[in-house]
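K.L.:
Predicted model follows, preceded by the sequence.
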Amino acid sequence: MALLTIGATALKNPKEGAYLVVPSDLDSESSGRSETALMTRTRIAVKYKVQATFVGTRAEIKVITDLVAPVSFSCTFFNVFTGGYTTATMYSSADKPAKLVRYLNEAAPEDSIWELPLSFIQY
């Protein structure tokens, strides 16, 4: 199974060394320190952010950007913290910088190789 699936589409594997799963605790409003510095913490949820960098042709990168264009989407990702796959409703960060890695042929710019770093953030 692919590391990342959006909807029913398995994405090509990210660049080696460029796949990060980041859990974040969400605490209740009553969490915090007292005047005597005693910590009170009530975790209400754990949400995930997945960061991945993809390398591919213009057509391969376009498939990915089309999949993450909606306001939200279903994303299934390999989660090292659970040892399995997690499915969550996510959105993609607004910044989607595409970097030209290799320009192969001036007559066919669509054959160029691109690098696209993305962040998928759980709702």
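P.N.:
Sure, I can see it.
K.L.:
Could you give the number of residues near the residue lying closest to residue 7 once chain neighbours are set aside?
P.N.:
Counting by CB to CB, 6 or more residues apart in numbering, residue 74 is the residue found nearest to residue 7 once chain neighbours are left out, at 5.7 Å. The way it works is simple: take the backbone N, C-alpha and C, and place the C-beta from them, glycine included. The tally of other residues near residue 74 (other CB atoms under 10 Å) stands at 12.
K.L.:
helix or strand for residue 66, which one?
P.N.:
Taking DSSP states H and E as the definition, residue 66 sits inside helix 58-67.
K.L.:
try residue 86
P.N.:
strand 84-92.
K.L.:
Show me what that strand is packed against.
P.N.:
Strand 84-92 is packed against strand 43-57, strand 73-79, strand 113-122, with contacts defined by 3 or more CB pairs under 8 Å, 6 or more residues apart in numbering; DSSP states H and E.
K.L.:
how about the ones you listed, which one is nearest residue 99?
P.N.:
Nearest to residue 99, of all the helices and strands packed on strand 84-92, is strand 113-122, at 4.4 Å by CB to CB.
K.L.:
Pairing partners for that closest one, with directions?
P.N.:
Note on strand 113-122: by DSSP bridges, its sheet partners are strand 43-57 (antiparallel), strand 84-92 (antiparallel), strand 99-102 (antiparallel).
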